[in-house]
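# give me coordinates for this.
(chains A, B and C)
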Amino acid sequence: MSLETTVHEHQHVETHVHGHEHHDEHHHKETFITKYIFSQDHKTISKQFLITGIIWAVIGGLLSVLFRIQLGFPDANIMWLKPLLGKWITAEGQLAPEFYNALITMHGTILVFFVLTAGLSGTFANYLIPLMCGARDMASGFLNMLSYWFFFLSSIVMGISFFLATGPASGGWTAYPPLNDLHQAATGSIAGVDYWLVSMALFIVSVLLGGLNYVTTVINMRTKGMKMFRLPLPVWALLLTAVIGILSFPVLLSAAVLMLFDRNLDTSFYLDQIYIGGEALANSGGSPILYQHLFWFLGHPEVYIIILPAMGIVSEVLAVHSRKPIFGYTAMIYSLLAITVLSFIVWAHHMFMTGMNPFIGSIFVIFTLIIAVPSAVKVFNWITTLWKGNIRLNPQMLFAIGFVSMFISGGVTGIFLGNSAIDVELHDTYFIVAHFHLVMGVAAFFGMFAGIYHWFPKMFGRFMNPTLGFIHFWGTIICAYLIFFPMHFEYMLPRRYPTHAGFETFGMFGELNQFISVFAFISFACQLIFVFNFFYSIWYGRKARELNPWGATTLEWTTPLRPKHGNWPGEIPEVHRWAYDYSKHGRDFIPQTEPLSQYEIEHGEHGDEGDSAIIQKEKKDDH
Amino acid sequence: MSTVSHKRYIVHPHRFNLWLAIVAMIMMFAAFTSAYIVKKGDANNWLLIELPQLFTYSTITILISSLFMHAAYISFKRNKIYLYRIFICFTFILGSAFLIFQVNGWQRLAESGIILSGNPAGSFIYVISGAHFVHVVGGVIALLIFSIKSFTAYKTPVDTLLLNINTDKQVGVELMATYWHFVDILWIYLFIFFQSN
Amino acid sequence: MSIGWLIFIAVVLIIIVLFQVTRTLDLVSQLRGNDDEREEHNSKVNGIALFIFMVLGVYAYFWCFGHFKNSNLPPASEHGYLIEDMILWTLIVCSIVFIICNILLFTFSLIYRYKKGRETVHFAHSNKLEFIWTIIPTIVLTGLVIFGLQAWTKIMSMPDEDTFTVEVTGQQFFWTTRYPGADGKLGARDYNLICPDNPLGIITKEFVEHRINLLQGNAKLDVKGEIKVLEERKEILPGLIDSIQQLIEMRQNRYRSEDLKDELDELEDELDDIDSHIITRVKNLDRINTIYTPEYFVSHQDEITWGYDDFMPSEMHVPVNEEVLLKIQALDVLHNFYIVHMKVKMDAVPGMPTFFKFTPITTTAEMREVYSKNPLWQQPKEGDETKTPKWKNFQYEIACAELCGTGHSAMKYILVVDTEAEYEEWVTTQKPAWNNVVGNLKIEGLSELAPKLKSVEPVATDSINLVTDTSTIASKGN
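The predicted structure is shown next:
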């Protein structure tokens, strides 16, 4: 809240003087290296994040294809993968169980951190914050560049761990000790976890450097007239994402540092009375649960770091393409704020079954279910935004609608899991796999796709092919539902099992697992269509000829077709109104740069009556 | 003092960046110390450790260095470059002394039988003060750069005049001061934290 | 390699085809009509598709419940019904939200699809509407929270102290259960005492004695013996490494020496680690010596006798309709004790026991009856020669629900729920674990010592001798 008040006090921000210097500075010499590699231009950095994210998404998806082969077709001979996977295929042509664990661990880590954190908020925070706020660049282009290169370094370290003789980390993306703490507990724990931890540490530095910049830019560098409550929703969402990141990632760093000490310097932060491999270890006095508290203090906010940018993007896309203001703009912002605050006090709902004090558990149940309220408000507001609109069902809009649908479907199952009594049954089963894949995996991807299709013309000056976009959308949404909906019925199956064959009780899902696997393969193929469309369109797509192809009100569409470093060739435009004046006073849209007409009331400066007055006025106009 | 360039922002972006970074660092140390408290709460064999005297010396050292840093900042703002040189160099020297005291303190601690790989109570002291040490190392390196620059950069009256006009260049020293006070306060917090546990 | 080339060529071909198709699509779309018409056409096609997708989806939603009804688990414990009720209520609430929201979402998309000149409304907010849909979820969720927390408190409340307790221990990759035996008390444990004869590290005089006796070099597998073996190995290793290195050099020109290099790596790793193994064992001994002072045996005279009659069955048995308290522990990494049908799930954490109580209400035999009517359980098991339907061999299965390493999916254990009478009979067949290992403990006169211990009046000074001198312990026992 304090953010907001400071913001209200200081409205007048003039960045253009500074901006000019910046702008001119970058006109004289730009070599290939400064322009594309070590660029400090937020737009280039954003594209670097996006393309790195796409590469990692393909790798992460490929890993899931590999373990879906194992889950759907446990008896299949996969000797043909031997050239790719080497000794991880056993002599019988089966996937080695320790490699299965490595696959799921890496799939989770890559998708959660590299794709949906760096690839999503890294891309769109970098791209949209300066453009939508009206700034020449980020507060510090240099830190911004460092942020990308730390991410790059981190992903290189993670990449190297794939080629270790003992394999990458294999103790789950949450890296719980003692499994990940003790070298003798799993093959991946011999060396892989060290790489994982170092990679995470670098990644945290990247997120922090980026986050500092995002917050500073939004708070300090908005153009004249851009009040906080005139900001488009993606900026709000990305701002709060960065705030969450700044507050939660350092805690993960602490957890990782303690684990590195445990692993390499024989301390006992997470270890107590361990008997393993025929030895009673000397470590005592630590607690494995301590790590879980530290991890989930980041880990839970992390899922909001993933979903908030998607929510922001979807809000924007829904408003633009239904030609209507986003419904309940202020409520949208307050629900984002509520989610941000609540995200810090619900972490222990991941730990109901760790033997924690049941009373503390109850408190976390209450907070957890409270989060459902702002989420529900958002969903209802999105649906109302569509009501009586003029909806252009192009790929970005389809993905935005798909996002809302996924968010509903995955969100309602959260109400089961947040209730600790039900969690007794559902904890660590396929039910929760289905839940989080729908609500933060697929949904966040849908938000990302919506954003890419929507801003592609701004990013690359060309359009993506809509027909391939439609195929991509339909393939993805159908597969996503067919994969993850039936998975809820496997609510008794423990997750992270390469095979359930040893258990009679789990034996009846063979066909279903096959079904899921087949659609997982198809879904992966659909994503390749997207990847193709993306790279094809960068060079060969239909050229954008209009400055503002979607008829949007926000500032990024006032820049030239291919904006240079500095974004606006002249002065930065001044803002006079909020970002969602669509279909107002009989006009399709009114850009933010247009001053209010004489008798016009700005949104938010009137009470309920004013609002209904406008509606009545609209009705009069209609007749 | 107030020139046009300062009016552009509510807060200078770099200063704002630093404050946010400090928030992040506080979160990290909050995580460490709350882990310490939680662990202390449920451990049955928690060791009560008395810090060696050396840590008291290091605390005093860093406190004084913080005063020097402030003096350096004030004299820089008042354009007394000569004084600024002296103060910033003293801050650097005291900062380095702090590091030496810390290393000696750890040695003393190890001699008294509290080693890194022993009881978590001791390990925590090493890790937390070590993490702080790393932050101070960063600060000392920055101080070194500032000290060298204080001799090379402001040689002619023209330099000083330019400095006076372009307040953006003053921000650097201010940020250095902020960061240095932060690591100072952080250490005092940690010192009291260890003492009271 | 040829397969690799084929794949490569296939990929290149696919990309070329896609490229051409996309290019054509782009050209065609630019030829066909103006932007508005194209937009209207796309919106119509996709709007209808979205609607059909929604209708099929809602149908499939209900179809699934019918289709998967046979794989649902019938609850077999008292609190299982509580959870079942909770799930049912939450399911009803969530289904309503899920279906209404999705219907509205997809229907609006169809109804208000793009048409040139369609009138839209500048409807930016309505406090009334927003208030309604803040307050309704709040009320519904409050209901679910209250309902849920009641159940949660019931499930998690600690039972009376004299509740029948079974101790469960997880380790890579199996479960062990321990029952208190006739005295109704579980013997204390210490992970320092774990050895093949004492897999859970139960503390009894003899087990401690065993360790100390082993120290004196009387047995093959003792800590000191292990250290000795390791030290000998350490002396040999550098020589081995040298000779392998020489071999590699000799072979260098003629043979590929990769296998030798692997071996060399392994040996070098072993040499690196061997010191830490030795240190671990030395420290283990130190701890045993510090803890088990003569005073320990005086101050713990009762506790150290509780372990004698504990038994560790190969299957877990519990009587029906009686509350069981599980005391869950782990030796190495995190595990999670998951009795599927009982809806029992609790982490096993090294160094910190956790608890879960449950009351089974369906015996294994009764559950077989239930499953005899389930079509999914009629087939014989794969590879079963006798063609018995699966339900006839039904057992309650216990699994691990917390990733614990390579063998995570292999941590199967069986629970048998007996009637009261069956259980009593089963208990009488169980032999204390002590009986199985007592022959291995090379302490003279030991077999008579153990059962008598309870009646022996311990004398402080004698106890000291007992610990330090093996011959004395034997004579006192007699």
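# so residue 169, which state does it fall into?
Picking chain A for this. coil (DSSP: H, G, I helix; E, B strand; the rest coil).
# think we crossed wires, I meant chain C
strand.
# touching, it and C:Ile194? I think so.
No - using Cβ atoms under 8 Å, C:Thr169 makes no contact with C:Ile194, being 10.5 Å away. (C-beta placed from N, C-alpha, C; glycine too.)
# quick check: neighbours shared by the two?
C:200, C:331 (Cβ atoms under 8 Å, 6 or more residues apart in numbering or on different chains).
# would you list the phi and psi of C:Thr354?
phi -120, psi 170 (degrees, to the nearest 10).
# what residues are up against it?
A:354-355, C:327-329, C:346-348.
# buried members of those residues into ChimeraX, please.
Filtering the contacts of C:Thr354 down to the buried ones (16 or more other Cβ atoms under 10 Å in any protein chain shown) takes a single ChimeraX command:
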select /A:354,355 /C:328,329,346,347,348
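# tell me which of the contacts of C:Thr354 has the lowest pLDDT.
The lowest pLDDT within the contacts of C:Thr354 belongs to A:Gly355, with 87.
# which residues does the spatially closest residue to it that is not a sequence neighbour bridge with?
In space, and not counting its chain neighbours, A:Gly355 is closest to C:Thr354: 3.1 Å by Cβ to Cβ, 6 or more residues apart in numbering or on different chains. Using DSSP bridges, the bridge partners assigned to C:Thr354 are C:Ile328.
# show the contacting residues for the residue of chain B found nearest chain C.
Here chain B gets closest to chain C at one residue, B:Asp42, 8.3 Å apart by Cβ to the nearest Cβ. The contact partners of B:Asp42, taken as Cβ under 8 Å, 6+ apart, are A:Ser287.
# pLDDT score for it?
pLDDT at B:Asp42 comes out at 73.
# which parts of chain C are strands?
C:164-171, C:174-178, C:316-319, C:324-330, C:335-339, C:344-348, C:354-358, C:396-400, C:413-418 (DSSP state E).
# pull the most distant pair out of the contacts of C:Thr354.
The most widely separated members of the contacts of C:Thr354, counting by Cβ to Cβ, are A:Thr354 and C:Lys327 (15.4 Å).
# what's the helix or strand for the residue nearest to B:Ile88 when sequence neighbours are not counted?
Once flanking residues are discounted, B:Ile88 sits nearest to B:Ala72: 4.4 Å by Cβ to Cβ, 6+ apart. Per DSSP states H and E, B:Ala72 falls inside helix B:53-77.
# what element comes up after that helix heading to the C-terminus?
Using DSSP H and E, the first helix or strand after helix B:53-77 is helix B:81-111.
# OK, contacts around B:Thr56?
Contacts of B:Thr56 by Cβ under 8 Å, 6+ apart are B:Phe191.
# let's see 7 Å
Neighbouring residues of B:Thr56 by Cβ atoms under 7 Å, 6 or more residues apart in numbering or on different chains: there are none.
# isn't C:Ile274 up against C:Glu232?
No - with contact defined as Cβ atoms under 7 Å, C:Ile274 does not count as touching C:Glu232 (10.4 Å).
# out of the two, which sits in the busier spot?
Remark: of C:Ile274 and C:Glu232, C:Ile274 carries more neighbours, 15 against 10, as counted by other Cβ atoms under 10 Å in any protein chain shown.
# phi first, then psi, for C:Pro432.
phi -60, psi 140.
# from chain A, how far out is it?
22 Å (Cβ to the nearest Cβ, to the nearest Å).
# how about C:Phe337?
10 Å.
# go on, B:Thr91?
On the measure of Cβ to the nearest Cβ, B:Thr91 and chain A end up 25 Å apart.
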